[in-house]
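I need the structure of the sequence given here:
(2 chains)
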Amino acid sequence: MNEPITPRLSVRGLSTSFMTDRGRVTSVSDVSFDIPSGGTLALVGESGSGKSVTSLGLMGLHAKGSQAIVGGEAWFVKRNGERVNLLALAEADKRRLRGNELAMIFQEPMTSLNPVLTVGEQIAESVRLHLGMDRRDALQHAKKMLDLVEIPAAERRLHEYPHQLSGGMRQRVMIALAMACNPTLLIADEPTTALDVTIQAQILALIQRLQKETGMSVLFITHNLGVVAQYADRVAVMYAGRIVETAAVGPLFAAPQHPYTRGLLACLPGMAVRGSVAKSRPRLTAISGQVCSPFEPPPGCAFAPRCALHIAACDTAMPPLAALADGRQARCIRVNEKIEMTA
Amino acid sequence: MDQLAYVLKRLFSRRIVLVAAAVLVAVTALAVFFPMFSGVDPNAISVMERLKAPSSEHWAGTDELGRDLSMRIVYGSRYSIMIGIATAFFSVIAGTALGLLAGFFKKLDAPIMRVIDAMMSFPDILLGISLVSILGASLWNVVLALAIVYTPRVARVVRASTLVIRELLFVDAARALGVSTPRILYAHILPNLMSPVLVQLTFIFAYAILAEAGLSFLGVGVPPEIPTWGTMIASSLQYADRAFWTIVFPGIAIILTALSLQIVGDGVRDLLDPKLRKSA
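Numbering: from 1, shown residues only, chains lettered A, B, ... in the order given. Predicted structure coming up:
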């Protein structure tokens, strides 16, 4: 397949702020990334780093009560080639895209299905909404979708309620729901976090298979670096609402540039074993300190208070996302000196 | 059908619920079918048989105009039950709509709920009396007044449940699939409200029968020529010292029906309580 020049989704300068009791808080700022057609971008970061806020902003799903202000642009190429800015779209147009071209899988398969509707009805609803099928055809299509996500006895499952399914099954149903209208972009918000490890692998393999078959793009949101290594093409690491490093998967794991990314990788148990002498049982390394409060962001780099490479210049201003070789980017003023420091 | 059998088995696992349900079925069946086949006129006056004590001829005795009380109780059940059902029906519809809007839309919450609170601050029967006085005493006005009285109860329960349900992930998931807000309310939230609403329905049914009797007793309810249980007690009050049965038997009918409804309502609530639910 030829890669089109324009990426499927091109996000530029996305920022989001919310109203809280203590005033307006910026939870995501200056997030930019591209997802090519058929490609997978993993958005990685710890809890509260703004991964989910980014994805909800793209879908336009922020709760009304939070008075979210979303800035920036997100250019999305529709199936028919039309280019639209997701963040400036009217609600009705956005609704037509959601579930149709943009689909989302949530973290909690236990609560993301409506408990009083059968699985078939839920899949059929989206199909009827976007593809204009009648009830019978929609149910038929729903059965096909259940087959597609490898649910055995799809005919019977169609008429079952979510509580009759296991967690893994439900996540499969969620994927079937998301895939029902053959989306061009799938946002998977920690789709495997609530599942046990063997099921995780199955679900990831399923998403990967569907992506190959349909050529959709995937925005994969996770805090699981193992998952990233296996399934993503590119990675964007987020810290405190900003992207601190982007790179293709291989180079990122081989030579992380930002101190936070390095810290994250060092936290992986496997990495720790490899790096230490085999005799003594290695301690898990951890990044010292805590994530800065969004209410009192440090004057300079958000990671500076925890950074081992911290110098005075770090506290003066937020470093820009500097472009490096091979299309990599890192948000650190010392990024060019680091080669000698890692050696 | 297996599911129905399972539900019934759960519902009737407590013997008293079964008894109460049987009473309700019997009362309803009598109310519906007996007048169709008996051909008896419940308003037939027989001056010679005034205030006769219960006997084999008149099972529940006769009233001050010699009318057979057992017949009148059976006929009265039609009106009492109809008023109960209609009141429950209308208050559930109005209360669900208001509660759903108040619970889902933050902007509508305060305006709707303050009105609801204001209505709830009146004692039920007092509000009923004033509404009937304003509307005028007729069967449907009593239903309307009682529906207005009980709407706030439903609205509060529905609002509380809506507040919980609207935050659940499947609502976001539905939105992510491009479902519109009206459809989310109607197709996703409303079905999840069914259990609390169903429980309220049975309770309001019982309250409405009691309240109708109370309003009629106080003379602001259904016009006396319509034989409801309440009007029967009201018109018999002055003979109560000589003919206790004129009050006791309609009273028993009210108590039996209302109590059975309450017990069945409790049973339904236990059945639908997710904390008590075992996996199917």
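
Below-threshold pLDDT in the stretch 1-150 of chain A: ranges please.
The model of the stretch 1-150 of chain A has pLDDT under 70 over residues A:1-5.

That should have said the stretch 151-280 of chain B, apologies.
In the stretch 151-280 of chain B, residues with pLDDT under 70: B:274-280.

Recalculate using a threshold of 90.
By pLDDT under 90, the weakly predicted segments of the stretch 151-280 of chain B are B:167-169, B:172, B:178, B:194-196, B:199, B:213, B:216-247, B:265-280.

Point out the residues in it that sit beside chain A.
B:168-170, B:172-180, B:187-188, B:191-192, B:194, B:279-280 (Cβ under 8 Å from any Cβ of the partner chain). In this view, the C-beta of every residue, glycine as well, is placed from N, C-alpha and C.

List only those of those flagged as buried.
Applying 16 or more other Cβ atoms under 10 Å in any protein chain shown to those, the neighbour count classes B:168-170, B:172-179, B:187-188, B:192 as buried.

quick one: contacts for B:V40?
B:68, B:71 (Cβ atoms under 8 Å, 6 or more residues apart in numbering or on different chains).

where along chain A do the helices fall?
In chain A, the helices defined using DSSP state H lie at A:51-59, A:91-97, A:119-131, A:135-148, A:154-157, A:167-179, A:197-214, A:225-231, A:249-254, A:259-267, A:269-275, A:338-342.

Can I get these in JSON lines including mean neighbour count and distance to chain B?
Formatted as JSON lines, the entries for these read as follows, by neighbours: other Cβ atoms under 10 Å in any protein chain shown; distance: least, Cβ to the nearest Cβ, whole Å:
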{"stretch": "helix A:51-59", "mean neighbour count": "24", "distance to chain B": "6"}
{"stretch": "helix A:91-97", "mean neighbour count": "15", "distance to chain B": "5"}
{"stretch": "helix A:119-131", "mean neighbour count": "23", "distance to chain B": "4"}
{"stretch": "helix A:135-148", "mean neighbour count": "18", "distance to chain B": "13"}
{"stretch": "helix A:154-157", "mean neighbour count": "15", "distance to chain B": "14"}
{"stretch": "helix A:167-179", "mean neighbour count": "25", "distance to chain B": "7"}
{"stretch": "helix A:197-214", "mean neighbour count": "16", "distance to chain B": "16"}
{"stretch": "helix A:225-231", "mean neighbour count": "18", "distance to chain B": "21"}
{"stretch": "helix A:249-254", "mean neighbour count": "16", "distance to chain B": "27"}
{"stretch": "helix A:259-267", "mean neighbour count": "21", "distance to chain B": "27"}
{"stretch": "helix A:269-275", "mean neighbour count": "12", "distance to chain B": "31"}
{"stretch": "helix A:338-342", "mean neighbour count": "11", "distance to chain B": "40"}
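
Identify whichever of those lies nearest to B:L272.
Each of these was scored for nearness to B:L272 using Cβ to Cβ, and the closest is helix A:119-131 (20.4 Å).

Which strands and helices lie in contact with the closest one?
For helix A:119-131, the helices and strands in contact under the criterion 3 or more Cβ pairs under 8 Å, 6 or more residues apart in numbering or on different chains; DSSP states H and E are helix A:135-148, helix A:167-179.

Contacts for the last one next, please.
With contact meaning Cβ under 8 Å, 6+ apart, helix A:167-179 is reached by A:99, A:103-106, A:109-110, A:112-113, A:119, A:122-123, A:126, A:142, A:145-146, A:148-151, A:157, A:162, A:165, A:186, A:191-192, A:194-196, A:199, A:202-203, A:206-207, A:210, A:214, B:173, B:177.

Rounded mean pLDDT for it, please.
The predicted model assigns helix A:167-179 a mean pLDDT of 90.

got it, and stretch B:92-112?
Mean predicted confidence for stretch B:92-112 is 95.

Buried residues, it. List them.
Along stretch B:92-112, these residues count as buried under the neighbour rule (16+ other Cβ under 10 Å): B:92, B:94-104, B:109, B:112.

In helices only, show me these.
B:92, B:94-104, B:109, B:112.

hang on, the earlier thing: can you list the helices of chain A in TSV and add distance to B:G66?
Converted to TSV, the helices of chain A look like this (distance: least, Cβ to Cβ, whole Å):
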stretch	distance to B:G66
helix A:51-59	76
helix A:91-97	70
helix A:119-131	60
helix A:135-148	61
helix A:154-157	66
helix A:167-179	69
helix A:197-214	78
helix A:225-231	87
helix A:249-254	96
helix A:259-267	94
helix A:269-275	94
helix A:338-342	108
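
B:V25: which of those is closest?
Closest approach to B:V25 among these (Cβ to Cβ): helix A:119-131, 32.5 Å.

Centre-most residue in chain A?
A:I221 (2.1 Å; Cα atoms, centre = their mean).

Give me the helices and strands touching whichever strand or helix holds B:A211, please.
Using DSSP states H and E, the element containing B:A211 is helix B:194-217. The criterion is 3+ Cβ pairs under 8 Å, 6+ apart, and the helices and strands that helix B:194-217 contacts are helix B:69-104, helix B:124-135, helix B:139-166, helix B:229-236, helix B:245-272.

Could you dump those helices into a markdown table and include distance to A:M133?
Formatted as a markdown table, these follow (distance: least, Cβ to Cβ, whole Å):
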| stretch | distance to A:M133 |
| --- | --- |
| helix B:69-104 | 28 |
| helix B:124-135 | 49 |
| helix B:139-166 | 28 |
| helix B:229-236 | 54 |
| helix B:245-272 | 33 |
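
Single out the most deeply packed of those.
helix B:229-236 (a mean of 25; mean count of other Cβ atoms under 10 Å in any protein chain shown).

For chain A, which residue gets nearest to chain B?
Residue of chain A nearest chain B, by Cβ to the nearest Cβ: A:G99 (3.4 Å).

Does that residue touch B:V179 like I think?
Yes: with contact defined as Cβ atoms under 8 Å, A:G99 counts as touching B:V179 (7.5 Å).

between these two, what contacts are shared?
When contacts are counted by Cβ under 8 Å, 6+ apart, the set common to A:G99 and B:V179 consists of A:126, A:129.

list the contacts for residue 203?
No chain specified, so I'll use chain A. For A:I203, the contacting residues are A:168, A:171-172, A:175, A:191-192, A:195, taking Cβ under 8 Å, 6+ apart as the criterion.

try again with chain B
With Cβ under 8 Å, 6+ apart, B:F203 has these contacts: B:153, B:261-262, B:265.

ok, of these, which one's closest to A:T6?
Distances from A:T6 to these, taken as Cβ to Cβ, are shortest for B:R153 (57.8 Å).

what's near enough to touch the closest one?
By Cβ under 8 Å, 6+ apart, the contact list for B:R153 reads B:91, B:95, B:120, B:200, B:203-204.

ok, so of those residues, who is nearest chain A?
Proximity of the contacts of B:R153 to chain A (Cβ to the nearest Cβ) peaks at B:Q200, which lies at 17.4 Å.

What sits closest to that closest one if chain neighbours are left out?
With Cβ to Cβ, 6 or more residues apart in numbering or on different chains as the criterion, B:Q200 has its nearest non-adjacent residue at 5.1 Å, and that residue is B:V154.

My understanding was that that neighbour contacts B:T96; is that so?
Yes: look at B:V154 against B:T96 with Cβ under 8 Å: they come within range, at 6.1 Å.

Tell me the one of the buried ones among the residues of the stretch 151-280 of chain B next to chain A nearest A:G39?
Taking those together and measuring to A:G39 by Cβ to Cβ, the closest member is B:A176, at 21.2 Å.
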